[in-house]
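Chemist: sharing a model that was predicted from the sequence below.
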Amino acid sequence: MNVWEISILRCIKELNGDAKLSQIYKNIDRFIDLTKDHLRETVWGGRTAFQHQVRSHITNLCQSGELIWKSRGRYSITKKGLQRVESTKL
């Protein structure tokens, strides 16, 4: 089980199944505990470490068919993604 992927899927599900990256960044801490290391700013693009984590895992979720890209920075959860959330216990 990938805690980041499940947390992202749960976050998007709670946001009515469709969310912008900014909404995910704002709400992800409801689903995963962010440490000081996650909150540190990185040298790549001025983003925090957790934002890089989110973006990387969103790419994986799109490739696996659990999310679909709707428009720039906006994603929707698929039936496959919902099934994964419902079948995973955290």
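Modeler: Structure's in. What do you need? Numbering: from 1, shown residues only.

Chemist: alpha carbons only for contacts and neighbour counts from here, please
Modeler: OK.

Chemist: please enumerate the helices of this protein.
Modeler: Assigned by DSSP state H, the chain shows helices spanning 3-14, 21-27, 36-39, 49-63, 79-87.

Chemist: packing partners of the longest one?
Modeler: Same thing as helix 49-63. Under the contact definition 3 or more CA pairs under 8 Å, 6 or more residues apart in numbering; DSSP states H and E, helix 49-63 sits against helix 3-14, helix 36-39, strand 67-71.

Chemist: again, only this time at 10 Å
Modeler: Packing contacts for helix 49-63, counted by 3 or more CA pairs under 10 Å, 6 or more residues apart in numbering; DSSP states H and E, involve helix 3-14, helix 21-27, helix 36-39, strand 67-71, strand 74-77.

Chemist: which of these sits closest to residue 51?
Modeler: Nearest to residue 51 among the helices and strands packed on helix 49-63 is helix 21-27; the distance by CA to CA comes to 6.7 Å.

Chemist: and that closest one, how far from the chain's centre?
Modeler: Computed by CA atoms, centre = their mean, to the nearest Å, the chain-centroid distance of helix 21-27 equals 8 Å.

Chemist: give me the mean pLDDT for stretch 9-18.
Modeler: Over the span of stretch 9-18, the pLDDT mean works out to 97.

Chemist: buried set for it?
Modeler: Buried residues in stretch 9-18, defined by neighbour count with 16 or more other CA atoms under 10 Å: 9, 10, 11, 12, 13, 17, 18.

Chemist: residue contacts, the nearest residue to the last one once chain neighbours are set aside?
Modeler: Counting by CA to CA, 6 or more residues apart in numbering, the nearest residue to residue 18 once its immediate chain neighbours are dropped is residue 76, at 4.3 Å. By CA atoms under 10 Å, 6 or more residues apart in numbering, residue 76 lies in contact with 9, 12-13, 15-20, 62, 66-70.

Chemist: next one: residue 11
Modeler: Applying CA under 10 Å, 6+ apart, we find residue 11 in contact with 5, 17-19, 23-32, 77.

Chemist: the worst-scoring helix or strand of the chain on mean pLDDT packs against which elements?
Modeler: Among the helical and strand segments of the chain, the one scoring lowest on mean pLDDT, DSSP states H and E is helix 36-39, with a mean of 92. Under the contact definition 3+ CA pairs under 10 Å, 6+ apart, helix 36-39 sits against helix 49-63.
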